[in-house]
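> Quick one, structure for this:
(one chain, ligands or ions: 1)
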Amino acid sequence: VPHTRRAFLETMAVPAALCAGGVGLPAIARAARSGERQRAFQMPTHSGAPEAAASDEDYWFQVAQAFTIDRSILNLNNGGVSPAPFMVQEAMKRHLDFSNTAPPPYALWQILEPQKEAVRERMAAEFGCDPEEIAFTRNSSESLQICQLGFDLRPGDEVLTTTQDYPRMITTFKQRERRDGLVLKQFKLPIPCEDPSEAVSLFERNITPKTRMILMSHIINITGQILPVREVVAMARTKNGGIPVIVDGAHALAHFDFKLSDLGCDYYGVSLHKWLFAPHGTGLLYVRKDKIKSLWPMMPAPDTLDSDIRKFEEIGTHPAANTLAISEALTFHQGIGGKRKEARLRYLRDTWANRLLQSGKGRVRIHTSLKAPQPLLSCGIATVEIDGLETPKLQSWLWDKHRILTVAIKHDEFNGLRITPSVYTSMPDLDRFCTAVETAMRDGLPSA
Ligand SMILES: Cc1ncc(COP(=O)(O)O)c(C=O)c1O
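Okay, here's the model as predicted:
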């Protein structure tokens, strides 16, 4: 794999010659012809404001046709990992077919890998940063671990996060505790946390003179709580000579509408297979340009790449198909529009949550703020707990009896079912879910 930008550019000259020889083009043309379904689908458009579009079922019905999901199952765990629309799947298969048709060293390294630069540019333009600040990774775990492991720290140095951050990221710090003698500090946030300034002051109060790193979620995966990233980052910059804040944006990007430049942060990790609907195994790492040099990559890269964001992509031979098909996911996202998608996901959340609150007559607790936006405290993810129904049993019954997929969250501070609809979820879907839960509230759950 070429190491430098120049090497990338130099390889660009080769494919034209080879294509002229007929190695590449027929394979591409053959793959393009395979897009049967693609020809039948027309991306719907909407001229209304996002709030008006949010409840236009005809529009969302058409959007839903882009997904090849098994509709005999109701998936309300789209937060875990999302299905990709068919055009994303097809793009990925096309690139994969091509990689295996043309000789792979030529297809992967000379044709496909350089195309990644265009994906980088498109993602940067959409999400508000410089292409030179974006690395493609396999997921949030990789993006965040690059940051969590990439700072030289000394025994006794403290890293700070909450008790609600993602278990794998906590595990990563715990390994550093065992290996490097770091000290992990965690604190609790209110559930829900409806006062952003309280969240900032909780981070601030838990900083000590030894704090060297903060990890915070942009959106907490178990409650859907959105945290004030910009304010925490600004506060942390004034402490201990500037404490780096690693932002876990696993669920945030392409879920609700914002630009990375709005956040003013230095480090941000995302899974693109969640809310961008990109291929499984795609993620993104943002590192502000002037911070790249001082962050070690997880897999060693040559010193010539010290200040190059691509040093985080030096992972050896890997498929190009996943990364390139991000481009199709981005086009699909742009076709809906970030604001419209956010409004729909909030509308879906409000629909089921308000209905259960009403029919539950005091038995239903939502561990997610349903307050109107401004500031945005939550979006498509919410967690519900029902007095008198054990969460794991309710989750199993919904799956066993109704084939409705939800997630049972069991946390030291609360428990509940996490519900995450997506852009292909319909009103009848939510009605079926609510009716099932109402039946369980009325009749109880069968004993095992
Ligand atoms: C808050 C948060 N961080 C990190 C991750 C890890 O994401 P991935 O498994 O895609 O690496 C998740 C996954 O659900 C998450 O919710």
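> how near is Gly156 to Pro209?
Distance, Gly156 to Pro209, by Cβ to Cβ, to the nearest Å: 11 Å. Yep, even glycine has a C-beta here, placed from its N, CA and C like the rest.
> For the two, indicate the residue with more neighbours.
With neighbours defined as other Cβ atoms under 10 Å, Gly156 and Pro209 compare such that Gly156 has more, 11 against 7.
> ok but the more buried one is inside a helix, no?
No - counting by DSSP: H, G, I helix; E, B strand; the rest coil, Gly156 is not part of a helix but coil.
> can you give me the strands in the stretch 101-250 of the chain?
With strands called from DSSP state E, counting those that start in this stretch, the stretch 101-250 of the chain shows them at 134-137, 158-162, 183-187, 211-217, 245-248.
> how about those in JSON lines, adding mean neighbour count?
Listed next are these as JSON lines, based on neighbours: other Cβ atoms under 10 Å:
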{"stretch": "strand 134-137", "mean neighbour count": "24"}
{"stretch": "strand 158-162", "mean neighbour count": "23"}
{"stretch": "strand 183-187", "mean neighbour count": "15"}
{"stretch": "strand 211-217", "mean neighbour count": "23"}
{"stretch": "strand 245-248", "mean neighbour count": "27"}
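> In CSV, list those along with mean pLDDT and distance to Glu51.
Listed next are these as CSV, based on pLDDT from 0 to 100; distance: least, Cβ to Cβ, whole Å:
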stretch, mean pLDDT, distance to Glu51
strand 134-137, 98, 31
strand 158-162, 98, 32
strand 183-187, 98, 36
strand 211-217, 98, 27
strand 245-248, 98, 28
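> mind putting these in CSV, distance to the ligand included?
Formatted as CSV, the strands of the stretch 101-250 of the chain follow (distance: least, Cβ to the nearest ligand atom, whole Å):
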stretch, distance to the ligand
strand 134-137, 9
strand 158-162, 11
strand 183-187, 15
strand 211-217, 5
strand 245-248, 5
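> Flag every residue of the protein that's near the ligand.
Asn139, Ser140, Ser141, Tyr166, Arg168, Met169, Ser217, Asn221, Asp248, Ala250, His251, Ser271 (Cβ under 6 Å from any ligand atom).
> In PyMOL, how would I select the buried members of these?
This is the PyMOL syntax for the buried subset of these, where burial follows 16 or more other Cβ atoms under 10 Å:
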select buried, resi 139+140+141+166+169+217+221+248+250+251+271
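> can you give me phi and psi for the residue of the stretch 301-448 of the chain found nearest the ligand?
Closest contact between the stretch 301-448 of the chain and the ligand, by Cβ to the nearest ligand atom, is at Ile381 (9.3 Å). Main-chain torsions, Ile381, degrees, to the nearest 10: phi -100, psi 130.
> so what's Met216 bridging to?
Met216 has the following beta-bridge partners by DSSP bridges: Val247.
> Can you tell me the closest non-neighbouring residue to Gly79?
Leaving aside its chain neighbours, Gly79 sits nearest to Thr420 (3.7 Å; criterion: Cβ to Cβ, 6 or more residues apart in numbering).
> And that neighbour, its phi and psi?
Residue torsions, per degrees, to the nearest 10, at Thr420 are phi -130, psi 100.
> what do you get for Ile409?
According to degrees, to the nearest 10, Ile409 has phi -100, psi 120.
> correct me, but it touches Gln395?
No - applying Cβ atoms under 8 Å as the test, Ile409 and Gln395 come out as separate, 9.3 Å apart.
> a markdown table please, covering the strands of the stretch 101-250 of the chain and showing distance to His95.
Shown next, in a markdown table, are the strands of the stretch 101-250 of the chain (distance: least, Cβ to Cβ, whole Å):
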| stretch | distance to His95 |
| --- | --- |
| strand 134-137 | 14 |
| strand 158-162 | 37 |
| strand 183-187 | 40 |
| strand 211-217 | 32 |
| strand 245-248 | 29 |
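> Relative to Ile336, which of these is closest?
Closest to Ile336 of the strands of the stretch 101-250 of the chain, according to Cβ to Cβ: strand 134-137, at 21.7 Å.
> For Leu153, list the residues it contacts.
Contacts were defined as Cβ atoms under 8 Å, 6 or more residues apart in numbering; by that measure Leu153 touches Val159, Arg176, Asp180, Leu182, Arg212, Met213.
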